[in-house]
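1. Take a look and give me a structure for this.
(one chain, ligands or ions: 2)
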Amino acid sequence: MKVLITGSNGLLGQHLLPLFIQDERYEVIAACRGVNRLPVQNGYTYESVNLRNAVSAQQLLEKHRPDIIIHAAAMTQVDECERNKDACWDTNVTATRYLIQAAEKYNAHFLFLSTDFIFDGLEGPYAEDAPANPLSYYGSSKVAAERLVKNSKVPWAIIRTVLVYGTAVDMQRSNIITWVKNNLQQGKKIKVVDDQWRTPTLVQDLAEGCKLVADKRSTGVYHISGKEMLSPYEMAVQTAEFFKLDQRLIEKVNAKTFVQPAKRPAKTGFVIDKAVQELGYQPHSFAEGLEIVAKEIK
Ligand SMILES: NC(=O)C1=CN([C@@H]2O[C@H](COP(=O)(O)OP(=O)(O)OC[C@H]3O[C@@H](n4cnc5c(N)ncnc54)[C@H](OP(=O)(O)O)[C@@H]3O)[C@@H](O)[C@H]2O)C=CC1
Ligand SMILES: Cc1cn([C@H]2C[C@H](O)[C@@H](COP(=O)(O)OP(=O)(O)O[C@H]3O[C@@H](C)C(=O)[C@@H](O)[C@H]3O)O2)c(=O)[nH]c1=O
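-> Residues are numbered from 1 along each chain as shown. Ligands and ions are numbered 1, 2, ... in the order given. As a prediction, the model looks like this:
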């Protein structure tokens with residue numbers, strides 16, 4: 001069984017690869033732009049490709065004809081997406097369309113990664129059937145890409161997740177744990193909001209959720225996230241406590257004073273009952289997640 005993982009240099013991609021490489025049922029193709037940044041360099045095929053290029057995307061699938069495509073590649077810097085809408089659309093929507101068109105030629109199973117940012121955050125936590133109403137351009141691009149997936153002719157699954165944390169090699173963007181830890185360790189003050197709510201997701205749990213969907217060839221929409229609802233402020237305090245760092249450096253702010261270029265939905269978070277019941281998905285708690293991340297950082 002051939003599986004293609006796009007965005008393999010990214011936070012999720014770097015944790016998906018080892019899961020599939022160690023499962024001898026799968027032949028793994030990793031695809032990303034630029035050089036392969038993965039620490040493990042054998043046991044799979046790496047393809048350097050810019051998925052915004054239609055011919056490259058087409059040729060990637062024609063060459064390998066993967067049975068399963070896990071499309072994790074995206075432009076994930078939400079504020080950058082607001083400032084550079086064309087790049088955001090080209091990467092998150094147009095590249096997805098190219099892959100779907102190529103997959104339809106031989107009916108590959110298409111697994112698409114999406115986000116809680118498709119919701120407006122007025123009524124979280126959200127189940128899979130909640131109506132989308134994105135506040136950011138990034139969120140809108142994911143709504144558009146989901147629509148392409150849902151209207152495609154291939155068997156598809158959409159995995160939505162929330163505020164992913166963990167470590168990876170050469171991460172292009174920090175995440176809440178590494179951001180809080182690095183700043184406090186350097187004695188820097190940080191302003192953290194206490195009026196946004198998320199169900200933060202350990203990257204290993206998200207990777208496991210994707211593997212469950214792939215193994216079972218499940219189709220439909222699944223919410224795969226952590227199980228606890230926390231504010232970034234609570235996450236920051238728990239991170240400081242865990243790493244024995246100075247909590248006085250954490251200044252509690254709210255959306256009135258803390259403004260980012262792209263509007264964030266206030267209260268998202270996911271109801272994960274469907275994934276638990278249908279897939280056997282079982283995420284770690286945030287405290288367990290901190291333990292796991294701490295072991296990786298050492
Ligand atoms: N992180 C989070 O909190 C959440 C993530 N998600 C979704 O999960 C998925 C994975 O996220 P995550 O791993 O954190 O994202 P990352 O930003 O860590 O990784 C995304 C990867 O996609 C690659 N990529 C971007 N543009 C292209 C392109 N044109 N051609 C080929 N590769 C490209 C990037 O390459 P390069 O390394 O060169 O930049 C990067 O390796 C994404 O679809 C994201 O929207 C959903 C909710 C939350
Ligand atoms: C940078 C920063 C963030 N925060 C809060 C805001 C937010 O709730 C949380 C994370 O903020 P960031 O801007 O780092 O991350 P953000 O862009 O909000 O993360 C999003 O990424 C995309 C890919 C997704 O799909 C979403 O699920 C979500 O994970 O931390 C602060 O309170 N203070 C700060 O200085």
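2. For stretch 115-133, give me every contacting residue.
-> For stretch 115-133, contacts defined as CB atoms under 8 Å, 6 or more residues apart in numbering pick out 78, 134-136, 138-139, 142-143, 146, 160-163, 196-199, 220-223, 225, 229, 264-271, 273-274. Every residue, glycine included, has its C-beta placed from N, CA and C.
3. Among the residues you listed, which are located in helices?
-> Val78, Tyr138, Gly139, Lys142, Val143, Glu146, Asp273, Lys274 (DSSP state H).
4. is it true that Arg248 lies in a helix?
-> Yes - Arg248: assigned to a helix according to DSSP: H, G, I helix; E, B strand; the rest coil.
5. Tell me who's in contact with it.
-> Arg248 makes no contacts at all, as judged by CB under 8 Å, 6+ apart.
6. any idea how far it is from ligand 1?
-> 27 Å (CB to the nearest ligand atom, to the nearest Å).
7. try Ala275
-> From Ala275 to ligand 1 the distance is 14 Å (CB to the nearest ligand atom).
8. Who wins on neighbours among the ones in helices among the contacts of stretch 115-133?
-> Lys142 (28 neighbours; other CB atoms under 10 Å).
9. pretty sure it is touching Ser136, no?
-> No - applying CB atoms under 8 Å, one finds Lys142 not in contact with Ser136, separated by 9.4 Å.
10. Return the set of buried residues in the strand or helix carrying Glu208.
-> Secondary structure from DSSP states H and E places Glu208 in helix 203-216. Within helix 203-216, the residues that count as buried by 16 or more other CB atoms under 10 Å are Val203, Gln204, Asp205, Leu206, Ala207, Glu208, Gly209, Cys210, Lys211, Leu212, Val213, Ala214.
11. Contacts only, for the first one.
-> Right, Val203. Leu11, Leu12, His15, Val164, Tyr165, Gly166, Ala168.
12. neighbours around the residue nearest to Val49 when sequence neighbours are not counted, how many?
-> Among residues not flanking Val49 along the chain, Ser56 sits closest, at 4.8 Å (CB to CB, 6 or more residues apart in numbering). Residue neighbour count, defined by other CB under 10 Å, stands at 17 for Ser56.
13. And the host helix or strand of Ser56, what's buried?
-> Using DSSP H and E, Ser56 sits in helix 54-64. Buried residues in helix 54-64, defined by neighbour count with 16+ other CB under 10 Å: Ser56, Ala57, Leu60, Leu61, His64.
14. ok, now stretch 16-27?
-> Buried-residue list, stretch 16-27, by 16+ other CB under 10 Å: Leu16, Leu17, Pro18, Leu19, Phe20, Ile21, Tyr26, Glu27.
15. any idea which of the residues you listed is the one closest to Ser48?
-> Comparing the buried residues of stretch 16-27 against Ser48 with CB to CB places Leu17 closest, at 15.0 Å.
16. ok, that closest one - contacts?
-> Counted by CB under 8 Å, 6+ apart, Leu17 has contacts Ile5, Ser8, Val28, Ala30, Leu38, Val40, Tyr44.
17. Look up the pLDDT of the fifth one for me, please.
-> It stands for Leu38. If you check Leu38, the pLDDT there is 92.
18. what do you get for the first one?
-> pLDDT, Ile5: 98.
19. did I read that right, it in a helix?
-> No - assigned with three-state DSSP, Ile5 falls outside any helix and is strand.
20. Check the contact between it and Gln14; I expect there is one.
-> No - Ile5 is not in contact with Gln14 according to CB under 8 Å; the separation is 9.8 Å.
21. Neighbour count: those two, which is higher?
-> Ranked by neighbour count (other CB under 10 Å), Ile5 and Gln14 place Ile5 first, with 31 against 26.
22. What separation is there between that one and Leu12?
-> Between Ile5 and Leu12 the computed distance is 9 Å (CB to CB, to the nearest Å).
23. list residues touching both of those two?
-> Ala72.
24. Can you name the residues of this structure sitting close to ligand 2?
-> 76, 78, 115-117, 162-163, 176, 190-193, 196, 232, 258, 264 (CB under 6 Å from any ligand atom).
25. Can you flag the buried ones in these?
-> Among those, those classed as buried by 16+ other CB under 10 Å are 76, 78, 115-117, 162-163, 176, 190, 192-193, 196, 232, 258, 264.
26. from the protein, which residue is nearest to ligand 1?
-> Gly10 (2.1 Å; CB to the nearest ligand atom).
27. which of the buried residues of helix 54-64 sit farthest apart?
-> Ser56 and His64 (12.7 Å).
28. low-scoring stretches of this structure, by residue?
-> For the chain, the stretches with pLDDT under 70 are 298.
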